[in-house]
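>>> just coords:
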């Protein structure tokens, strides 16, 4: 098994990887530059900029006045079609005048990555020491227990997609 550092050292400019925040936010990151010590990346949806340590995969980030520690948790390469759709999302959200609505293919790509990255994690040092994964909160319903609207709202929130949320109640 590769070490965490050797896995992170294979990341290069143009790669897309996944990171997580303590609040459960899912961060799909596009690498813009890699130095000896830092992986510079920007999220494809919300355009947040991160500087991940190249040996630990950790980025300390200031969000609404609070320090948030984000961690790279998957570097699995996306299928080419999904990778291209993630680049479309990056362009969509980096252009303020662009219509923020997602196409059917973009929605499908986000659904794909929401399952793909958790299924393809980096082995973290604490997992190799037998401590195991961080437990999921017991009160959160599983995806299959949610209505379609609740699931879509969860995805929009998890991927920190900006803009108003569609209302499920009649106007």
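Structure's in. What do you need? All figures in this text were calculated on a predicted structure; none of them were measured in a lab. Numbers count the residues shown, from 1 in each chain.
>>> show me what contacts the residue nearest to the spatial centre of the chain?
For the chain, the residue nearest the mean C-alpha position is residue 27 (2.2 Å; C-alpha atoms, centre = their mean). Going by C-beta atoms under 8 Å, 6 or more residues apart in numbering, residue 27 touches 18, 19, 20, 21, 43, 48, 50, 70, 160. Using the backbone N, CA and C atoms, a C-beta is placed for each residue, glycine as well.
>>> Among those, which ones are in helices?
With helices taken from DSSP state H, there is no overlap with those.
>>> Just the ones of these in strands?
If you go by DSSP state E, the contacts of residue 27 have 18, 19, 20, 43, 50, 70 in strands.
>>> pLDDT averaged over stretch 30-42 - what is it?
In this model, stretch 30-42 carries a mean pLDDT of 96.
>>> how far does it stretch from start to finish?
End-to-end distance for stretch 30-42: 5 Å, by C-alpha to C-alpha, to the nearest Å.
>>> what does it rub up against?
With C-beta under 8 Å, 6+ apart, stretch 30-42 has contacts from 8, 11-17, 19, 29, 43-44, 48-55, 72, 86-87, 90.
>>> Tell me the one of the ones in strands among the contacts of residue 27 nearest residue 117?
residue 18 (3.9 Å; C-beta to C-beta).
>>> isn't that closest one right up against residue 70?
No: in this structure residue 18 lies outside contact range of residue 70 using C-beta atoms under 8 Å: 10.4 Å.
>>> which stretches of the chain form strands?
Remark: strands assigned in the chain by DSSP E are 16-20, 26-34, 38-43, 49-53, 58-63, 66-74.
>>> Return the most buried member of the ones you listed.
strand 16-20 (a mean of 23; mean count of other C-beta atoms under 10 Å).
>>> mean confidence for it?
pLDDT averaged over strand 16-20 gives 95.
>>> Report the residue spans of this structure with pLDDT below the cut-off.
Filtered on pLDDT under 70, the chain yields the residue ranges 1, 98, 124-146, 151-152, 154-171.
>>> could you pull out the helices for it?
Using DSSP H, helices in the chain cover 4-9, 80-94, 104-119, 125-128, 148-158.
>>> re earlier: tell me the one among the ones in strands among the contacts of residue 27 nearest to residue 79.
For the ones in strands among the contacts of residue 27, the nearest to residue 79 is residue 18 (14.4 Å; C-beta to C-beta).
>>> I'd like to know how far the closest one sits from residue 71.
Counting by C-beta to C-beta, to the nearest Å, the gap from residue 18 to residue 71 is 10 Å.
>>> do residue 87 as well
Taken as C-beta to C-beta, the span from residue 87 to residue 71 is 23 Å.
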